[in-house]
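Visitor: got a sequence here, can you build the structure:
(one chain, ligands or ions: 1)
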Amino acid sequence: MLARCLSASLHGLEAKPVTVEVDLAPGLPGIQLVGLPDKAIQESRERVRSALRNSGFRGPLVRVVINLAPADRRKEGPAFDLPIALGLLVASGQLDRPKLDGLWCAGELGLDGSLRPCRGVIALADLAMQQGARALVVPPANATEAALIPNLNIWTAHNLKELVQQLKGECPLVRIGHHPSPPKATPAAIPMELVGLGMEGMERAAHALALAAAGGHHLLMVGPPGCGKTHLARQLPLLLPPLNTAESLTISRIHSVAGEFDICEQLLHQRPFRSPHHSCSGVALLGGGHTPKPGEISLAHSGVLFLDELAEFPRPVLDLLRQPLEDGKVRLSRMRETTVFPAAVTLVAATNPCPCGWHGDHEQACRCTCSQRQRYWQRISGPLLDRIDLQLRLERRSSRQIRTCLDATQRPQTHSPWLEPSRVNAARERMQARNPSGCNNRSLTAADLHRHGQFKADGLTLWERVIEQRRLTTRSSLQLLRVARTIADLNGHEMVQTEAIADASGYRCTDLMGDHSAGAVSR
Ligand SMILES: [Zn+2]
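Guide: Next up, the predicted model:
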């Protein structure tokens, strides 16, 4: 007897339909799996056999052939356990065939028949909805994810026995209602103060953060240990605009495919902040594997990717970032197919100025030799640095400033005017109104800058001087204009004043090896 059950396999962020066909035929008992299954699916034979027996059903005592159609596409993961088990029950006459009509399902089975979560359920639910599924059955731990997709019946059960009872009508179906994406949150009223840091001496850092948030610019912070680099980076997602429905669905989908979906709703409301350790591999950072999974840069999509101790990352790993930072997506090519994951992030990197960390400090002496410092900076490739628009030198805070911090815990928090959400939002709105494509200032092309930049003539004269003095590359020179445009937007100016160009030049450290001379160019 033949039975069919519908499910799907993952390809990047998309799910593609798979029909699980189960055929029972006379012959020696055994289960044969065909249709390019991976090791995890091969092993499902044993899991399904035990799950059926322990749930009180008869295991197959004849020859069983299971086909995962279409047969020319690779399938992976344990999510086919449930459709295989249901197919076996129908084929062996323990469940009526019409019960499976139009029913989509996915889930891993425990040996006791319990239903365990699998990855990529949002993509599966989306596909099932498009294909007009009668209902989708998912494990309880995946129910919240599946419910993000509207117009789809979601059923769940704790174990196989319970599910079969529900399908037979012996007990009521457990339906999960559509759980809409988060409501559009209004911008947070305050969170912009640098809690615990005190704003004293941090104005420049606050300005750089506001620029990164408003214009989407990448940011590099160079400073001695303990000057607040990590803390500053963590403030950035709070300054970014609230997620819209499409963005939050995409982010949830990426996390679901990576198997990182947490039922906690924070993820859906908040922009991601990912901070991979410097020992992470290229695959962990960009994604990859036999069946490609998204890496840290895709998990940070629409949010912030923070690389602390930038110089400690292996240089080949950092070099892999260059293309995704430019394109906003990662392209992973495997033998048979190419998978594309979104990766539009704001990169925030932090590093010490030298191996000991104290080069350029006014009080503490640096113990490194010149060649040690050079080697340290050579680990970060020039082309990557070239892609970072804002380069900020942070100083160690003086004892007086730390004292102010302590006092700040006694009195109301100090605010920086740059970190007012309303100000950053206003700058972003100005930017979007000007750019018809709606892209941020970081992504402006040379033609866009020429058309909508609105630079004053003497500003451009200064710009040319900066290029000459610093011997800037074409990319860096354009970045300088983009940053100047954001500075003007943040100040509420239509035209880009000469001061904005001078200010922007202060965010390009030509000599990052701890030299202080790389400040703003005076007029
Ligand atoms: Zn040093």
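Visitor: beyond the longest helix seen in the chain, next helix or strand please.
Guide: In the chain, with assignment by DSSP state H, the single longest helix is helix 474-491. With elements assigned by DSSP states H and E, the helix or strand that comes after helix 474-491 is helix 498-505.
Visitor: give me the contact list for that following helix.
Guide: With contacts defined as CB atoms under 8 Å, 6 or more residues apart in numbering, helix 498-505 is touched by 455-456, 458-460, 462-463, 466, 470, 480-481, 483-485, 487-488, 491, 493, 520-523. (C-beta placed from N, C-alpha, C; glycine too.)
Visitor: repeat that for 6 Å
Guide: For helix 498-505, the external contacting residues (CB atoms under 6 Å, 6 or more residues apart in numbering) are 456, 458-459, 462-463, 466, 480, 483-484, 487-488, 520-521.
Visitor: in PyMOL, select just the buried ones from the residues you listed.
Guide: Buried residues among the contacts of helix 498-505 (16 or more other CB atoms under 10 Å), as a PyMOL selection:
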select buried, resi 456+459+462+463+466+480+483+484+487+488+521
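Visitor: just to revisit the earlier point, now the longest helix of the chain: average pLDDT?
Guide: Here helix 474-491 scores 91 as its mean pLDDT.
Visitor: secondary structure element for Ala15?
Guide: Assessed by DSSP H and E, Ala15 sits inside strand 14-25.
Visitor: tell me the buried residues in that strand?
Guide: Burial within strand 14-25, assessed by neighbour count using 16+ other CB under 10 Å, is assigned to 14-15, 17-24.
Visitor: ok, of those, which one's closest to Leu392?
Guide: For the buried residues of strand 14-25, the minimum distance to Leu392 (CB to CB) is 39.3 Å, reached by Glu14.
Visitor: quick one: the closest one from Phe341, how far?
Guide: Separation of Glu14 from Phe341 (CB to CB, to the nearest Å): 11 Å.
Visitor: looking at the buried residues of strand 14-25, which is nearest the ion?
Guide: Glu14 (49.1 Å; CB to the ion).
Visitor: ok, and the closest non-adjacent residue to the closest one?
Guide: Ala123 (6.0 Å; CB to CB, 6 or more residues apart in numbering).
Visitor: so the one you found, which state does it fall into?
Guide: Classification of Ala123 by DSSP: H, G, I helix; E, B strand; the rest coil places it in helix.
Visitor: number of residues surrounding it?
Guide: Ala123 sits with 24 neighbouring residues when counted by other CB atoms under 10 Å.
Visitor: also Val137?
Guide: Val137 has 28 neighbours, counted by other CB under 10 Å.
Visitor: that one contacts Trp155, doesn't it?
Guide: Yes: between Val137 and Trp155 there is a contact at 5.0 Å, judged by CB atoms under 6 Å.
Visitor: low pLDDT regions in the stretch 51-200 of the chain?
Guide: Within the stretch 51-200 of the chain, the set of residues satisfying pLDDT under 70 comprises 180-200.
Visitor: does anything pack onto the helix or strand harbouring Ala214? Which helices or strands?
Guide: For Ala214, the element it lies in under DSSP H and E is helix 203-215. In terms of contacts (3 or more CB pairs under 6 Å, 6 or more residues apart in numbering; DSSP states H and E), helix 203-215 is packed against helix 229-239, helix 421-434, helix 474-491.
Visitor: just so I know, which of those lies nearest Asp72?
Guide: Closest of these to Asp72 is helix 229-239, at 42.6 Å (criterion: CB to CB).
Visitor: how far out from the middle of the chain is the closest one?
Guide: 16 Å (CA atoms, centre = their mean, to the nearest Å).
Visitor: avg pLDDT for the helix or strand just after it?
Guide: Counting by DSSP H and E, the next helix or strand C-terminal to helix 229-239 is helix 245-257. Helix 245-257 comes out with an average pLDDT of 88.
Visitor: pull the residues that contact stretch 15-32.
Guide: If you take CB under 6 Å, 6+ apart as the criterion, stretch 15-32 is touched by 1-5, 7-9, 45, 61-69, 83-84, 87-88, 91, 123-124, 127.
Visitor: I'd like to know how many residues surround Pro70.
Guide: Counted with other CB under 10 Å, residues neighbouring Pro70 total 14.
Visitor: meant to ask about Met335
Guide: Using other CB under 10 Å, Met335 is surrounded by 5 other residues.
Visitor: got the buried residues of strand 14-25 as JSON lines, with distance to the ion columns?
Guide: Output for the buried residues of strand 14-25, formatted as JSON lines (distance: CB to the ion, whole Å):
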{"residue": "Glu14", "distance to the ion": "49"}
{"residue": "Ala15", "distance to the ion": "52"}
{"residue": "Pro17", "distance to the ion": "59"}
{"residue": "Val18", "distance to the ion": "57"}
{"residue": "Thr19", "distance to the ion": "63"}
{"residue": "Val20", "distance to the ion": "62"}
{"residue": "Glu21", "distance to the ion": "66"}
{"residue": "Val22", "distance to the ion": "67"}
{"residue": "Asp23", "distance to the ion": "71"}
{"residue": "Leu24", "distance to the ion": "73"}
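Visitor: make a markdown table out of those residues and add pLDDT.
Guide: Below are those laid out as a markdown table (pLDDT from 0 to 100):
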| residue | pLDDT |
| --- | --- |
| Glu14 | 90 |
| Ala15 | 92 |
| Pro17 | 94 |
| Val18 | 95 |
| Thr19 | 94 |
| Val20 | 94 |
| Glu21 | 94 |
| Val22 | 94 |
| Asp23 | 93 |
| Leu24 | 91 |
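Visitor: looking at the residues you listed, which two lie furthest apart in space?
Guide: Among the buried residues of strand 14-25, the pair separated by the greatest distance (CB to CB) is Glu14 and Leu24, at 32.6 Å.
Visitor: in contact with Asn153, which residues?
Guide: Counted by CB under 6 Å, 6+ apart, Asn153 has contacts Ala135.
Visitor: one step back: looking at the contacts of helix 498-505, spot the one nearest the ion.
Guide: Proximity of the contacts of helix 498-505 to the ion (CB to the ion) peaks at Ala520, which lies at 25.0 Å.
Visitor: for the closest one, give me the pLDDT.
Guide: pLDDT, the model's per-residue confidence, is 40 for Ala520.
Visitor: pLDDT score for the residue of the stretch 151-300 of the chain found nearest the ion?
Guide: Residue nearest to the ion within the stretch 151-300 of the chain (CB to the ion): Pro224, separated by 9.2 Å. Turning to Pro224, the model gives it a pLDDT of 86.
Visitor: for the one 4 residues further on, same thing?
Guide: According to the model's per-residue confidence, Gly228 sits at a pLDDT of 80.
Visitor: next one: it from Glu395, what distance?
Guide: Relative to Glu395, Gly228 is positioned 10 Å away (CB to CB).
Visitor: more neighbours: which of the two?
Guide: The neighbour comparison of Gly228 against Glu395 (other CB under 10 Å) goes to Gly228, with 22 against 17.
Visitor: which residue ranges of the stretch 251-400 of the chain form strands?
Guide: Secondary structure of the stretch 251-400 of the chain (DSSP state E, counting those that start in this stretch): strands at 273-274, 287-288, 293-294, 304-307, 329-333, 338-342, 346-351, 390-393.
Visitor: let's have these in a markdown table, adding mean pLDDT and mean neighbour count.
Guide: Converted to a markdown table, the strands of the stretch 251-400 of the chain look like this (pLDDT from 0 to 100; neighbours: other CB atoms under 10 Å):
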| stretch | mean pLDDT | mean neighbour count |
| --- | --- | --- |
| strand 273-274 | 93 | 18 |
| strand 287-288 | 88 | 23 |
| strand 293-294 | 92 | 26 |
| strand 304-307 | 95 | 26 |
| strand 329-333 | 91 | 17 |
| strand 338-342 | 91 | 18 |
| strand 346-351 | 94 | 25 |
| strand 390-393 | 90 | 22 |
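Visitor: and these: which comes nearest the ion?
Guide: Across those, closest to the ion is strand 346-351 (CB to the ion), at 12.2 Å.
Visitor: what lines up beside that closest one in the sheet?
Guide: strand 219-222 (parallel), strand 304-307 (parallel) (DSSP bridges).
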